[in-house]
Each structure stands twice: as structure tokens, then as C-alpha cells.
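S.K.: this one's structure only:
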């Protein structure tokens, strides 16, 4: 990115925004696909527990990752 930053950084900013946009699109698609597969595989009687467990793990690991990395926000 330093090579692109030489001419005012406009190209570097465009590339960073593009990369972040593509990452967000990929995350959204991945989330929808994983939820769809989970809803197809898990029986109806256990679907609520499965979704709740998934969300608990997904959002519960965020603070753990921050502690491991040392993020102090």
C-alpha cells in the first residue's frame, strides 16, 4: 500500500474501501448461508436452541479474542 500512497494516497484509499466492502459482502453471504444450512439440518424442535447456541458462541468469543489480542477499548 505504500507504493500507492506516494501520489496523494487516493488509489490506496480506494483500494482499502474496496477491500473492506468486499469483506463485508463476504461476511454477509457467509452468515446467510451458514444459517440456511443450519436450519435445513437441525430438526424443528431443536432449531431455537441451535440458533441461540450459535449466537452465544459467536458473540461470546468476541471479548475473548479482545482479551487475547490485548485490545483495550
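M.R.: The structure has been received and is ready for your questions. Every value quoted in this text rests on a predicted model; they were computed, and no experiment measured them. Residues are numbered from 1 along each chain as shown.
S.K.: ok, the one residue sitting closest to the centre of the chain to residue 46 distance?
M.R.: By C-alpha atoms, centre = their mean, the mean C-alpha position of the chain lies nearest to residue 27, the distance being 4.7 Å. Residue 27 sits 26 Å away from residue 46, going by C-beta to C-beta, to the nearest Å. C-beta: built from backbone N, CA, C; applies to glycine.
S.K.: does residue 52 sit in a helix or strand, and which one?
M.R.: helix 47-69 (DSSP states H and E).
S.K.: Break the chain into its domains for me.
M.R.: Domain segmentation of the chain under automatic domain parsing yields 1-41, 44-73.
S.K.: quick one: average pLDDT of the longest one?
M.R.: Taken as a whole, domain 1-41 carries a mean pLDDT of 85.
S.K.: What values do phi and psi take at residue 43?
M.R.: phi -60, psi 150 (degrees, to the nearest 10).
S.K.: Next, count neighbours for it.
M.R.: Number of residues near residue 43 (other C-beta atoms under 10 Å) recorded here: 7.
S.K.: going forward can the numbers begin at 543, since that is how I track them
M.R.: With 543 as the first residue, the last one maps to residue 585.
S.K.: if we can go back for a sec, the one helix or strand the residue nearest to the centre of the chain maps to relative to helix 589-611, how many degrees between them?
M.R.: Secondary structure assignment for residue 569, by DSSP H and E: helix 552-583. Angle of helix 552-583 versus helix 589-611, following axes from the mean of the first three to the mean of the last three C-alpha atoms, to 10 degrees, is 140 degrees.
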